[in-house]
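Enquirer: task: produce atomic coordinates for the following.
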Amino acid sequence: MAAISAALVKELRDKTGAGMMDCKKALSETDGSMDDAVDWLRTKGLAAAAKKAGRVASEGLVGVVCEDKSGAVIEVNSETDFVSRNEDFQALVKSLNEIALAKNGDAVAINAAVYPDTGRTVEEEMTHQISTIGENLSIRRAQTINVSNGVVSGYVHSALTPGLGKIGVLLALESEGDKAKLEEVGKQLAMHVAAANPEWISKEEVTAEDQERERKVLREQAADSGKPDEIIEKMVDGRMRKFYEEVCLLEQTFVIDNETKVSKVLETVSKEIGSDIKITGFVRYGLGEGIAKEESDFAAEVAATIGD
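Expert: Purely as a prediction, here's the structure:
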């Protein structure tokens, strides 16, 4: 058997877009022949992965996993919602979520990690899965949250299976209080974040730039009233309070009872457990948010096919 060099493997990978381990196996199976290795990969359906990688993937799943004081959320995209109901794809997302937790959400470390029971890296496994499932797949983003004392709670909305769905939330509570009570309120607050979609934890986190931008819009709106400047400023102050209630978690009305501010909920629970509670962070992933979905033009597709 001819020696399979790293340069040869890289060349085959560049030509086909197949995973590193798949390229190595192809060259081994074909005694180092580049042309035969390409044909071998095509036969296995692996060389097609590179072409599929150019297609828009905006469906898929968001995964959430929590382990005591740590949690990870990940978004893995596919081209169609049908794939998200595939058990193999769901198993893939769960495994990637566990890897994301272990690698603190670092994209480079996640891709370089060994995928369980395969001998392939995550990057190579994704290429393999693209060929197997037949759609473009991508790890869009991942993030972790940790606390030194307290809990990290998670929630998945529209869950297809435990820990996997369309919206995923992590929320960190720092406290030395009763863990069971913290987990209970943490779960409720994570549900709130999924529904209310806040941008910041508190008013203090809103940047001066964002505040001034909002004030400018509100001033222009209030100017149409024809009222004096001092009245307009008071109107703007009142509308800024409404702005904070919409975008700051602690200022929002708790969706569970629809009447109490989140800050008051924390105060009440803090008194119950005899320990201060602080929200130190949250992450909310909505599947496909911000991805421009490709519009299909059937007539153009047919014309392109005829042209080929």
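
Enquirer: so how far is Tyr155 from the residue lying farthest from the centre of the chain?
Expert: Computed with C-alpha atoms, centre = their mean, the residue of the chain farthest from its C-alpha average is Pro228, at 47.1 Å. Distance, Pro228 to Tyr155, using C-beta to C-beta, to the nearest Å: 47 Å. C-beta: built from backbone N, CA, C; applies to glycine.

Enquirer: in the chain, which spans are strands?
Expert: Secondary structure of the chain (DSSP state E): strands at 59-67, 70-78, 138-146, 150-157, 164-165, 167-174, 278-286.

Enquirer: what about Arg85, how many residues nearby?
Expert: 12 (other C-beta atoms under 10 Å).

Enquirer: between the strands of the chain, which one is nearest to Gln129?
Expert: strand 70-78 (9.6 Å; C-beta to C-beta).

Enquirer: that closest one pairs with which strands, and in what direction?
Expert: Strands adjacent to strand 70-78 in the sheet, as given by DSSP bridges, are strand 59-67 (antiparallel), strand 138-146 (antiparallel).

Enquirer: turn the ones you listed into CSV, including mean neighbour count, distance to Ala190 and mean pLDDT.
Expert: Formatted as CSV, the strands paired with strand 70-78 follow (neighbours: other C-beta atoms under 10 Å; distance: least, C-beta to C-beta, whole Å; pLDDT from 0 to 100):
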stretch, mean neighbour count, distance to Ala190, mean pLDDT
strand 59-67, 24, 9, 95
strand 138-146, 19, 11, 95
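
Enquirer: could those be laid out in a markdown table, adding distance to Lys179?
Expert: Shown next, in a markdown table, are those (distance: least, C-beta to C-beta, whole Å):
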| stretch | distance to Lys179 |
| --- | --- |
| strand 59-67 | 13 |
| strand 138-146 | 16 |
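
Enquirer: looking at the ones you listed, spot the one closest to Val38.
Expert: So among these, strand 138-146 is nearest, using C-beta to C-beta, at 24.1 Å.

Enquirer: show me the contact partners of the closest one.
Expert: 53, 57, 60, 69-77, 96-97, 100-101, 104-105, 107, 110-111, 122, 126, 152, 170-172, 280-283, 285, 291 (C-beta atoms under 8 Å, 6 or more residues apart in numbering).
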